[in-house]
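Trainee: only the shape, not the letters, is given here:
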């Protein structure tokens, strides 16, 4: 069970939606969804080559209430907005089946 006091941050779920234009090209747009309470913790950071320069990559562990997150469409294709940062979800898992906690792993790449 996650205590309400631990969920002191807010994250906004952005869900990808695919569209096809008149020429038949597929494109994906992010649709802004619900803002839910979460516990956000940076777990690692590293610098490395990215595109034509160097970028910092920060990994986060985010805990949210399971039913709330799933009801609002959180999945591995989602992007989370946290304090003006875009975090790409890399995995989701439940620590224990009997608990209502979903652990989300996400990364931010800043150039």
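Mentor: Now that the structure is in, tell me what you want to look at. Please read these numbers as outputs of a predicted model, since none were measured by experiment. Numbering: from 1, shown residues only.

Trainee: show me the shaky parts of the chain.
Mentor: For the chain, residues meeting the criterion pLDDT under 70 lie at 1, 4, 111.

Trainee: longest strand of it?
Mentor: Selection of the longest strand in the chain by residue count, based on DSSP state E, yields strand 26-50.

Trainee: that one pairs with which strands, parallel or anti?
Mentor: strand 9-20 (antiparallel), strand 53-65 (antiparallel) (DSSP bridges).

Trainee: and among those strands, the most buried is which?
Mentor: When those are scored by mean count of other CB atoms under 10 Å, the highest mean neighbour count falls to strand 53-65 (a mean of 17). C-beta: built from backbone N, CA, C; applies to glycine.

Trainee: report the contact partners of the residue nearest to the spatial centre of the chain.
Mentor: For the chain, the residue nearest the mean C-alpha position is residue 80 (3.5 Å; CA atoms, centre = their mean). Counting by CB atoms under 8 Å, 6 or more residues apart in numbering, residue 80 makes contact with 11, 12, 13, 14, 62, 74, 86, 87, 89, 104, 106.

Trainee: which residue, neighbours along the chain excluded, lies closest to the third one?
Mentor: In space, not counting the residues next to it along the chain, residue 13 is nearest to residue 33; the distance is 4.1 Å by CB to CB, 6 or more residues apart in numbering.

Trainee: over to the last one?
Mentor: Take residue 106 and drop its neighbours on the chain: the residue closest to it by CB to CB, 6+ apart is residue 87, 3.9 Å away.

Trainee: secondary structure element for the one you found?
Mentor: Using DSSP states H and E, residue 87 sits within strand 85-94.
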